[in-house]
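**Student:** Here is a sequence with its predicted model. Questions after.
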Amino acid sequence: MSEILDKILNITLNGYLIRLNRNLDIAELKQHDIDKVGFWGRLMIKPDYGETVFWSKNATLSLIDNSPQNTIRPMPAKPKDRQAYTTTAFLSFRHDVLRGFTFQVMGSSVLARSIIEKLEETIVQSIGEASSSDPGHRKWESGDQELIVVPSGARRNGYIHLFT
């Protein structure tokens, strides 16, 4: 694959276009409900020196053509609702340049797996089969970018990671 993954996938988070190596624009992130991780969040995430992390809770992810079938929206819980799940996303800027993106579906391992596997099918149709695959994840590589899809991890969450 000769094209860069972020341009092929055309990922948006709350309408914010994800382009690795993009410069940090805090005002634009705020317009899309993406905020800087606070003190307690940094303690949990433990970012590297020079790394600033932003996040969005109950985020909406779209890819390829932003159509409804290629969009993940959170379904917040109601009492006794087994179809509920939430989402969260993290953007990692190193020295004010976007280097990594993580999106997770949380709350139900069954739903997380189903949602991420459906999105994974769309990814395969767009960019082909993964360059490597294990029972727990699939990985695509192009240039200096990597995309890793984990339908349901150890914490019952499904993940999509894109990074340089």
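**Tutor:** Arrived safely. Numbers count the residues shown, from 1 in each chain.

**Student:** ok, the residue positioned nearest the centre of the chain - contacts?
**Tutor:** Nearest to the geometric centre of the chain sits Phe103, at 2.5 Å (Cα atoms, centre = their mean). Contacts for Phe103 (Cβ atoms under 8 Å, 6 or more residues apart in numbering) come out as 13, 59, 61, 72, 87-89, 159-160. All C-beta atoms are positioned from the backbone trio N, CA, C, and that covers glycine.

**Student:** Give me the subset of these lying in strands.
**Tutor:** If you go by DSSP state E, those have 13, 61, 72, 87-89, 159-160 in strands.

**Student:** can you tell me which two in the contacts of Phe103 are farthest apart?
**Tutor:** Largest separation among the contacts of Phe103 by Cβ to Cβ: Leu13 and Tyr159, giving 14.1 Å.

**Student:** and the two? which has more neighbours close in?
**Tutor:** Taking other Cβ atoms under 10 Å, Leu13 and Tyr159 do not tie; Leu13 has more neighbours (24 against 19).

**Student:** Report the separation between the more buried one and Arg19.
**Tutor:** Distance from Leu13 to Arg19, counting by Cβ to Cβ, to the nearest Å: 11 Å.
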